[in-house]
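>>> How does the following fold in three dimensions:
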Amino acid sequence: MPRREEVVAERMADAIVKRLTTRKIVEIKDEAGARGVVRHVLVDNILAEEKLEADARQLLLEHAKKIKESAADYRQLLGKVKENDLIVKELGAMPGVHVKAPDDLRPEVVRALTDESKLEQSIDGEVRKILGSYARPMPEGSREWEVLYQKTREEVFRKRFRL
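Predicted structure coming up:
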């Protein structure tokens, strides 16, 4: 079974390549290869974000909720900027990819990433709502909470995408 980050990256890569080609921003001869390049950038970024979160988890648990939320927003914004630049750079350097509308490439990648990010936030909200409804609440960030979060997230994901 593919790891969660691979599934998310695959879906996002498909959305980005499809959006860029249907809007005739890029002409791609090898769509599978282009999706692979985008997927690779996204998986690397997701893994880096997960490591960052793991390193910061204990520190965030010790601080107020307000600090945690502002730090998460900053990391997410920074991550999206880096993803966007890497995707544009890697797609532009790939043989068989011709960027027809260079001025539209970056904004379209941002839109695709934003749409997928909203979907991820929606899934996260649904998972947190489910976990919050449990009779025995767990402290967020605890090992038990993390395991239940991942399990519930996979169930919500499967239900939404009928996997």
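
>>> can you pull out the strands in this protein?
Using DSSP state E, the strands assigned to the chain run over residues 26-28, 97-99.

>>> Give the other helices and strands that the last one contacts.
Packing contacts for strand 97-99, counted by 3 or more C-beta pairs under 8 Å, 6 or more residues apart in numbering; DSSP states H and E, involve strand 26-28, helix 65-93. From N, CA and C alone the C-beta is placed, and that goes for glycine too.

>>> least reliable of the ones you listed going by mean pLDDT?
With a mean of 59, helix 65-93 has the lowest mean pLDDT of the helices and strands packed on strand 97-99.

>>> and the gap between Gln121 and Val127?
Here Gln121 is placed at a distance of 11 Å from Val127 (C-beta to C-beta, to the nearest Å).

>>> Of the two, give the one with the bigger neighbour count.
Counted by other C-beta atoms under 10 Å, Gln121 and Val127 do not tie: Val127 has more neighbours, with 20 against 11.

>>> So for that one, what's the pLDDT?
Checking the pLDDT column for Val127, the value is 90.

>>> Thr152 is in contact with that one, correct?
Yes - in this structure, Val127 is within contact of Thr152 by C-beta atoms under 8 Å, at 4.8 Å.

>>> returning to that earlier point: as a markdown table, the strands of the chain with mean neighbour count and distance to Asn45 would be great.
Below are these laid out as a markdown table (neighbours: other C-beta atoms under 10 Å; distance: least, C-beta to C-beta, whole Å):
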| stretch | mean neighbour count | distance to Asn45 |
| --- | --- | --- |
| strand 26-28 | 17 | 20 |
| strand 97-99 | 16 | 20 |
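
>>> Distance to Arg160 added to those, as CSV?
Listed next are the strands of the chain as CSV, based on distance: least, C-beta to C-beta, whole Å:
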stretch, distance to Arg160
strand 26-28, 28
strand 97-99, 31
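
>>> can you tell me which residues contact Phe124?
Small correction: residue 124 is Asp, not Phe. Arg153 (C-beta atoms under 8 Å, 6 or more residues apart in numbering).

>>> distance of it from Arg160?
Counting by C-beta to C-beta, the gap from Asp124 to Arg160 is 12 Å.

>>> Read off the pLDDT value for the nearest residue to Glu144 once chain neighbours are set aside.
In space, and not counting its chain neighbours, Glu144 is closest to Met138: 5.1 Å by C-beta to C-beta, 6 or more residues apart in numbering. If you check Met138, the pLDDT there is 82.
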